[in-house]
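Novice: This is a predicted model, with the sequence first.
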Amino acid sequence: MRRRNGPLFWATLAILTVIFVGPLLLILLTSFKTQSEARTVPPTWFPQEWTLRAYDVLFFQDAASPVLQWFANSMLAATLHSALVVVVCSMAGYALARMEFRFKKAIFAGIIMTLFVPGFIFLMPNFLILDQLGWLDTIWALVVPGAAGAFGVFFMRQFFIGLPKELEESARLDGAGPFRTFRSVVLPNARPALVTLAVLSFLANWNDFIWPIYVLFSPERLTLPAGLSRLQGAYTIDYPVVMAGAMLAAIPVLLIYSFVQRYVIEGVASSGVKG
């Protein structure tokens with residue numbers, strides 16, 4: 001058996017590190033370059049003249065692009081959306097995993113089939129529903145759609161199927177009802193799956209580009225990915241400013257994953273396909 005700490009192992013890790021970290025490092029370094037140096041061919045890795053001009057333009061000089069407001073909008077929308085997804089999908093997944101009711105298998109099959117439908121098909125129906133509710137150009141247009149997504153329901157169902165039923169049976173013998181059992185026994189044991197689903201939902205909402213442009217009309221209500229597209233001019237692109245905006249968008253993602261990666265790995269490992 002080959003040793004895991006052999007030369008081939010470390011060489012493979014080094015190559016993967018360059019592939020995944022290299023683009024992020026290039027974005028960071030480009031944000032400190034001058035506009036002329038960012039356009040040089042072939043491109044340079046390290047700036048010949050370090051400058052904070054891109055961040056000064058991004059945060060202070062461009063009044064038409066309220067980047068900090070876009071950042072706050074994205075953070076609020078992604079946080080509320082991930083919380084709503086966790087609540088809805090955990091209850092739906094538990095019902096499909098443990099409760100018995102008519103047409104249970106048919107309902108679950110219908111949910112799974114929606115996974116194979118392209119997301120763009122739902123743009124117009126969701127838009128019309130939000131229009132009827134009066135939620136267009138509001139934060140709720142970013143929070144509510146997708147809260148009961150098929151992936152989240154499927155993910156939580158698979159995790160709950162793997163939990164020992166003895167835990168719930170013991171709670172019922174102690175007099176706990178279904179909701180009390182779910183809240184006090186099931187959810188604490190499902191923490192890895194809940195954290196994983198929250199992170200995945202947060203990232204999906206945070207990185208969404210098409211939907212915010214589709215339902216938000218006021219510039220100050222845009223999210224960060226949609227707003228950053230406005231930094232590109234019609235004829236010229238200020239690459240350092242665009243890269244500075246990209247780094248701002250990447251910071252929350254990196255911080256979140258660095259703190260919860262243990263739960264994410266455990267949640268994915270515990271939610272294998274069962275049943």
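Specialist: That came in fine, so what should we check first?
Novice: which residues of the stretch 151-275 of the chain score low on pLDDT?
Specialist: Screening the stretch 151-275 of the chain residue by residue with the criterion pLDDT under 70, one finds the ranges 232-236, 262-275.
Novice: can you give me the strands in the protein?
Specialist: With DSSP state E as the definition, the chain shows no strands.
Novice: what's the residue most central in space within the chain in contact with, if anything?
Specialist: Nearest to the geometric centre of the chain sits Leu203, at 1.2 Å (Cα atoms, centre = their mean). If you count contacts by Cβ atoms under 8 Å, 6 or more residues apart in numbering, Leu203 has them with Ala78, Val253, Ile256. Placement of C-beta: from N, CA and C, glycine included.
Novice: My guess is the last one contacts Phe202. True?
Specialist: Yes. Contact criterion Cβ atoms under 8 Å: Ile256 and Phe202 qualify, at 6.7 Å.
Novice: Neighbour count: these two, which is higher?
Specialist: In this comparison of Ile256 against Phe202, neighbours counted by other Cβ atoms under 10 Å, the higher total goes to Phe202 at 22 against 17.
Novice: Now do the contacts for that one.
Specialist: Remark: with contacts taken as Cβ under 8 Å, 6+ apart, Phe202 is in contact with Ala78, Thr79, His81, Ser82, Ile256.
Novice: burial count for the first one?
Specialist: This means Ala78. Look at Ala78: counted by other Cβ under 10 Å, it has 24 neighbours.
Novice: what about it, distance to Leu29?
Specialist: Distance check for Ala78 against Leu29: by Cβ to Cβ, to the nearest Å, it reads 27 Å.
Novice: For Pro43, state which of the contacts of Phe202 is nearest.
Specialist: Lowest distance from Pro43 to the contacts of Phe202 (Cβ to Cβ) belongs to Ile256, with 29.8 Å.
Novice: Return the residues in contact with that closest one.
Specialist: Ile256 sits in contact with Val199, Phe202, Leu203, where contact means Cβ under 8 Å, 6+ apart.
Novice: what do you get for Thr181?
Specialist: With the criterion set at Cβ under 8 Å, 6+ apart, Thr181 makes contact with Glu168, Ala171, Arg172.
Novice: Val85 too?
Specialist: If a contact means Cβ under 8 Å, 6+ apart, then Val85 has Gly146, Ala147, Ala148, Gly149, Gly152, Leu197, Ala198, Ser201 as its contacts.
Novice: phi, psi of Ser218?
Specialist: When read as degrees, to the nearest 10, the backbone of Ser218 gives phi -90, psi 130.
Novice: Excluding chain neighbours, give the residue nearest to it in space.
Specialist: Nearest residue to Ser218, sequence neighbours excluded (Cβ to Cβ, 6 or more residues apart in numbering): Asp137, at 5.8 Å.
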